[in-house]
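Novice: Predicted model, plus sequence, below.
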Amino acid sequence: QLQLVESGGGLVQAGESLRLSCAASGRAFSSYAMGWFRQVPGKEREFVAGISYSAGNTYYADFVKGRVTTSRDNAKNTVYLQMNSLKPEDTAVYYCNARTDYLWNGSGYWGKGTLVTVSS
């Protein structure tokens, strides 16, 4: 089992930045690829960013490329999502995901999410 707890969400204005963190506890964190997803009420959860086990590879959804960076610190069992130039349409609950593949679908372990609200 792997427990994930997101933090860092909040209310920001358009154009500002925010860094989300996801702290993991339980089984070997460095054994998992980590992803960030987001969900708006009434819509499906969507992939935002992902990072490989050793942080050698990162993956981004087209709608965040150039604005978002994900990183991880395996010594701290933590993965990060740095979001810059935020837009109102980035408003969503952001979820951390741990997985053993790179399919970036609904499988794996999930946190409870952290709310990001971007005002215009």
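Specialist: Nice, thanks for sending it over. Numbering: from 1, shown residues only.
Novice: residues of stretch 89-109 that come out buried?
Specialist: Within stretch 89-109, the residues scored as buried using 16 or more other C-beta atoms under 10 Å are 90-99, 104, 108-109. Every C-beta, even on glycine, is put in place using the N, C-alpha and C of the backbone.
Novice: Nearest residue to the middle of this structure?
Specialist: W36 (2.5 Å; C-alpha atoms, centre = their mean).
Novice: pLDDT score assigned to that residue?
Specialist: According to the predicted model, the pLDDT of W36 comes to 98.
Novice: before we move on, what about T117?
Specialist: Here, the pLDDT recorded for T117 equals 98.
Novice: Please list all residues in contact with it.
Specialist: G9, G10, L11, V12, T91 (C-beta atoms under 8 Å, 6 or more residues apart in numbering).
Novice: beta partners for the second one?
Specialist: To tie it back to what came earlier, the one meant is G10. V116 (DSSP bridges).
Novice: So what's the residue count around it?
Specialist: G10 is flanked by 12 other residues according to other C-beta atoms under 10 Å.
Novice: and which of the contacts of T117 is nearest to A75?
Specialist: Using C-beta to C-beta, G9 comes nearest to A75 of these, at 24.0 Å.
Novice: how about R19, phi and psi?
Specialist: According to degrees, to the nearest 10, the main-chain angles of R19 amount to phi -120, psi 120.
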